[in-house]
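> What follows is a protein structure lacking sequence information:
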C-alpha cells in the first residue's frame with residue numbers, strides 16, 4: 001500500500017530530515033505511533049514544489065485515523081488551536097461560558113493556561129487590563145440585559161428574556177442628581193452655605209474688611225438659612241480659638257446687617273442673629289458635661305484620646321468665643337458671671353479640672369473688663385479667692401494649679417501678660433515689629449522716574465519746541481512731563497549704613513525729648529498754682545516710670561548706648577512720686593532681669609549685663625539694688641525654670657557680671673541659691689555664675705574668694721544622690737571640680 005505523506009518530497013515526517021519523529025534530528029519517529037512501519041510518499045505530492053499550496057483529500061487524511069490513535073507528548077501540552085487536548089478543551093469551554101455572560105468576563109484569554117503545573121490546581125484569576133475589560137463585558141451581559149463575553153472575543157448582544165433576573169434595569173428610589181438641576185429652597189440654602197464657608201476659609205486680619213463686605217451681601221432669606229450660617233460660623237470659631245476675636249467681630253457686624261425673622265412658635269420671640277448665636281453657645285456650654293460623660297463608653301485608647309481632645313477643643317473654643325462676644329457687648333455681664341459661677345460649682349467641692357481650666361481661660365480673656373466694672377468687682381475678688389485655694393490644692397493636676405497661679409499673677413500685674421500673647425496680626429504690623437527688633441530705619445521715599453536735564457546738556461522733553469520753547473509748555477523751563485524738575489542722584493538715595501541708622505535714631509530721641517520738655521514747661525503754670533517750676537508738672541507715677549524703663553531697654557538693646565540709658569534713668573528720678581530713688585533703682589534692676597527672661601536670648605542678656613555693670617561703675621546703683629532686683633527672679637527660679645529652660649543660665653550670667661564688677665559678693669550667690677528648692681536648677685544657676693566669673697578670675701583666686709567669704713560650694717550644691725545625682729561628675733562637666741576638692 002502506498003504510504004501517505006503530509007509534505008512535499010516524500011516521507012512521513014512533519015519536519016525537515018525525514019522520519020516520523022517530531023523532535024529535532026528526525027529518524028525512526030514512526031515507532032511511537034505505528035509500531036515501526038513506514039509510509040512512502042505519493043507520486044502526486046512529489047511533483048509539487050515547496051511553495052505550492054497543498055490540498056489533501058478526505059480519504060487520504062482518514063488513513064491516519066487508525067495509525068495515529070495516541071497523542072504524542074509534544075502535542076499533549078500544545079496550545080495550538082488545531083490540536084485537541086485537555087488544555088484547549090478547557091479554553092474552549094471557558095470561551096463558550098464567557099459568550100453567555102459567564103467566566104470569560106473574568107479576563108481569561110482564548111487558549112490561556114490557568115493551572116499550576118506543580119499541583120494541577122486551578123490558579124486564581126489574574127485581573128489584567130484586558131481581563132478587566134472582559135469582566136466588564138461579562139457583567140454587562142449578565143446584568144445589563146445583553147449576552148456577551150469579554151473583549152477578547154465576539155460579543156453576543158442579544159436581549160435576555162424578560163423572565164431572567166437582571167434583564168430589566170431597576171431605577172433607584174433616591175437617584176443622584178447634580179446640584180444645578182435641583183430646585184427650590186434647598187438649592188438656595190446650599191448656595192449660601194458654600195459662599196459663607198468659602199469666605200470663612202479665607203478670612204484673615206489683612207483681608208477682613210474686604211471679605212466682610214462679601215459676607216454682608218449674602219442673601220440670608222429665611223430663619224433656616226440663618227441657623228445654618230450661624231452653625232458654620234460657630235464651628236469655625238471653636239475650631240480656631242486663636243482667631244476667636246476675629247470671628248466675634250464678624251458676629252457683631254453680621255448682627256447689625258442680618259434681618260429679623262418671625263418666631264418659630266406662636267408667642268415666642270423673633271429670631272435674630274444675636275439670639276440664635278447665644279442659644280448655640282448656651283447649648284454647647286450646657287452640653288459639655290454630657291459630652292465628657294459619653295467618653296466613658298469608648299474602650300479603644302486611641303479613639304478615646306481623639307474624642308477627648310475634640311471635646312476639650314470645642315469646650316475651650318466655646319469659652320473663648322463667649323469671652324470675645326462679651327467684649328463686643330453681645331453678652332451681658334450677668335450671664336458671664338453666671339457662667340463662671342456654674343464652672344466653679346459648689347463652694348466646698350473641688351470642681352472638675354476641665355471646668356477649672358475653662359474658668360482660667362475665660363478670666364484671661366475678660367478679666368480686665370470685669371475688674372474695671374463696679375458691678376463685678378466683688379465677684380472678681382471671690383473668684384480669685386477660690387482660684388488661690390485651688391492653686392494650693394494638691395488633689396488637682398500640677399498643670400491646672402500652675403494655670404491658676406498664672407491667672408492670679410496676671411491680675412496682680414494689672415492684666416499685663418508677662419509674655420506677648422500670640423494672636424493673628426496684619427502683615428504691616430509684623431513687618432513693623434521685625435523692623436523695630438532689627439533697629440532698621442524706614443526707607444526714604446525715592447523718585448522712581450527722575451527727570452533728566454533739559455537744554456543745557458542736550459536733553460529735551462519730546463515736543464518741547466513744538467509747544468513753544470521755554471516758557472509755555474511742559475518741558476521748556478527745566479520742568480518734566482513726568483515728575484517735575486530733575487534732581488541728580490546723591491548719597492542720600494542709597495541704603496543707610498548701620499552708623500547712619502544709629503545716628504538717625506539718636507536724633508529722633510533727642511527731638512522727642514526736646515518736644516516733651518517744651519510741652520511740660522509750657523503746661524507747668526496751668527497745672528497748679530501752689531507749686532512752681534517744671535518739676536511739679538512732670539511728676540510721674542511708678543507705673544508710668546516702669547513703662548518708660550521698658551521703652552528705654554528696647555531702645556538700648558538696639559543702639560547699645562550706655563550713657564543714654566543711664567541718663568534716661570537719672571532724668572526720671574526727680575520726677576517720681578510715691579516711691580524713693582533707692583526703691584526705683586531696685587525696680588529698674590528687677591525690670592531689666594525680667595526683660596532678659598522674656599527675650600530668652602544671649603544677645604539681650606549680654607547687653608543688659610553690660611548695662612548693670614555700667615550702672616555700678618557710675619556709682620548710682622549700690623549692692624542693695626542689685627541684691628533686691630536679682631534676688632526677686634532667683635527666688636522664683638523653681639517656677640521660671642519650667643516656662644523658661646534658659647532661666648538658670650541667664651540669671652547666672654547677670655549675677656556673675658555684677659559679682660565680677662564688684663557690685664555683689666559671693667555671699668549673695670549663696671543666700672539667693674538657698675531659696676531655689678529644686679537642686680538641679682540650683683546647680684545650673686550656681687555653675688553658670690561660677691563659670692562666667694572663672695573667665696576673669698583663675699580657679700585659685702576664685703577658690704580663695706569663696707573661702708574668704710565663707711561660701712561652701714560643696715555644701716550648697718550637694719543634694720540627694722538618688723534624685724539629684726552625685727555632685728562630682730556635675731562639677732567635672734562644668735570644669736569646676738577644683739572648687740570642691
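On my side now, so go ahead. The structure displayed is predicted, hence computed values, not measured ones. Numbering: from 1, shown residues only.
> show me where the chain has strands.
115-116, 121-122 (DSSP state E).
> Around residue 385, count how many other residues there are.
Using other Cβ atoms under 10 Å, residue 385 has 9 other residues around it. In short, each C-beta sits where N, CA and C put it, glycine included.
> dump the residue contacts of it.
By Cβ atoms under 8 Å, 6 or more residues apart in numbering, the contact list for residue 385 is empty.
> got it, and the one 5 residues further on?
Counting by Cβ under 8 Å, 6+ apart, residue 390 makes contact with 350-351, 356, 396, 400-401, 404.
> now do residue 330
Contacts of residue 330 (Cβ under 8 Å, 6+ apart): 248, 251-252, 255, 274, 277-278.
> What of residue 427?
residue 206.
> ok, now residue 635?
672, 675-676.
> what do you get for residue 699?
738-739.
> how close does it sit to residue 738?
When distance is defined by Cβ to Cβ, to the nearest Å, residue 699 is 5 Å away from residue 738.
> do residue 300 as well
Taking Cβ to Cβ, one finds residue 300 at 58 Å from residue 738.
> if you count what's nearby, which of the two comes out ahead?
residue 738 (13 against 9).
> Need the per-residue pLDDT for residue 198.
pLDDT recorded at residue 198 is 93.
> distance of it from residue 221?
From residue 198 to residue 221 the distance is 19 Å (Cβ to Cβ).
> next one: residue 624
73 Å.
> Who has more neighbours out of the two?
residue 221 (14 against 11).
> Ramachandran coordinates for the more buried one?
Recorded main-chain torsions at residue 221 are phi -100, psi -10, according to degrees, to the nearest 10.
> Give me the neighbour count for the closest residue to it other than its chain neighbours.
Nearest residue to residue 221, sequence neighbours excluded (Cβ to Cβ, 6 or more residues apart in numbering): residue 188, at 7.0 Å. When neighbours are defined as other Cβ under 10 Å, residue 188 has 15 of them.
> what's the answer for residue 684, then?
23.
> Test my guess that it contacts residue 651.
No. Taking Cβ atoms under 8 Å as the definition, residue 684 is not a contact partner of residue 651, at 9.4 Å.
> correct me, but residue 604 touches residue 593?
No. Residue 604 is not in contact with residue 593 according to Cβ under 8 Å; the separation is 11.1 Å.
> any idea how far the nearest residue to residue 650 once chain neighbours are set aside lies from residue 233?
With sequence-adjacent residues excluded and distances taken as Cβ to Cβ, 6+ apart, residue 650 is closest to residue 605, at 5.0 Å. In this view, residue 605 and residue 233 are 45 Å apart by Cβ to Cβ.
> just residue 190 next, same as before
In terms of Cβ to Cβ, residue 190 sits 17 Å off from residue 233.
> Mind checking which of those two has more residues around it?
residue 233 (22 against 14).
> which residues sit in contact with that one?
Per Cβ under 8 Å, 6+ apart, neighbours of residue 233: 196, 200, 247, 250-251, 254, 277.
> and if we set it to 7 Å?
Each residue near residue 233 by Cβ atoms under 7 Å, 6 or more residues apart in numbering is listed here: 200, 247, 250-251.
> Relative to residue 580, which of those residues is nearest.
When those are compared for distance to residue 580 (Cβ to Cβ), residue 247 wins out at 48.7 Å.
> contacting residues for the closest residue to the closest one other than its chain neighbours?
Nearest residue to residue 247, sequence neighbours excluded (Cβ to Cβ, 6+ apart): residue 237, at 3.9 Å. Neighbouring residues of residue 237 by Cβ under 7 Å, 6+ apart: 244, 247, 317, 321.
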